[in-house]
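> pasting the sequence and the predicted model now:
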Amino acid sequence: NYRFQEKCEKRIQEMINGGTTIIIVSHDINMIERLCNKVLWLDRGVKKDFGKALKICEEYRNFK
């Protein structure tokens, strides 16, 4: 449900703005770009890359 996802993202952003560290596990690259500043990319449980969210998300898109 899009409305529920929107509500969740808003709450996550509020928590981040309040200084809380959040760990998000997702395949939704657009959401990751919106909410995250750093990304750990795992491929079958093995670290593929770690760094700034926009850079890693771009690499992921080019990888697929």
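Alright, I've got the coordinates. The structure displayed is predicted, hence computed values, not measured ones.

> by contact count, what packs against the one helix or strand Ile32 maps to?
Ile32 belongs to helix 29-35 when elements are defined using DSSP states H and E. Counting contacts by 3 or more CB pairs under 8 Å, 6 or more residues apart in numbering; DSSP states H and E, helix 29-35 is packed against helix 2-17, helix 53-63. All C-beta spots, glycine's among them, are computed from the backbone N, C-alpha and C.

> take these and write them to JSON lines, including mean pLDDT and mean neighbour count.
Formatted as JSON lines, the helices and strands packed on helix 29-35 follow (pLDDT from 0 to 100; neighbours: other CB atoms under 10 Å):
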{"stretch": "helix 2-17", "mean pLDDT": "94", "mean neighbour count": "11"}
{"stretch": "helix 53-63", "mean pLDDT": "95", "mean neighbour count": "14"}
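
> which one of those helices lies closest to Met31?
Closest to Met31 of the helices and strands packed on helix 29-35, according to CB to CB: helix 2-17, at 6.8 Å.

> now the residue nearest to Leu42 when sequence neighbours are not counted: phi and psi?
Closest residue to Leu42 apart from its sequence neighbours, by CB to CB, 6 or more residues apart in numbering: Lys48 at 6.6 Å. As for Lys48, its main-chain torsions (degrees, to the nearest 10) stand at phi -100, psi -40.

> quick check: Lys48 vs Tyr60, distance?
Lys48 sits 9 Å away from Tyr60, taking CB to CB, to the nearest Å as the criterion.

> likewise Glu33?
The spacing between Glu33 and Tyr60, counted by CB to CB, is 10 Å.

> can you count the residues close to the closest residue to Leu54 other than its chain neighbours?
Counting by CB to CB, 6+ apart, the nearest residue to Leu54 once its immediate chain neighbours are dropped is Glu33, at 6.3 Å. The local packing count at Glu33 equals 14, with neighbours defined by other CB atoms under 10 Å.

> so Val39 sits in a strand?
Yes: note on Val39: a strand contains this position according to DSSP: H, G, I helix; E, B strand; the rest coil.

> tell me the spacing between it and Ile16.
From Val39 across to Ile16, the span is 14 Å (CB to CB).
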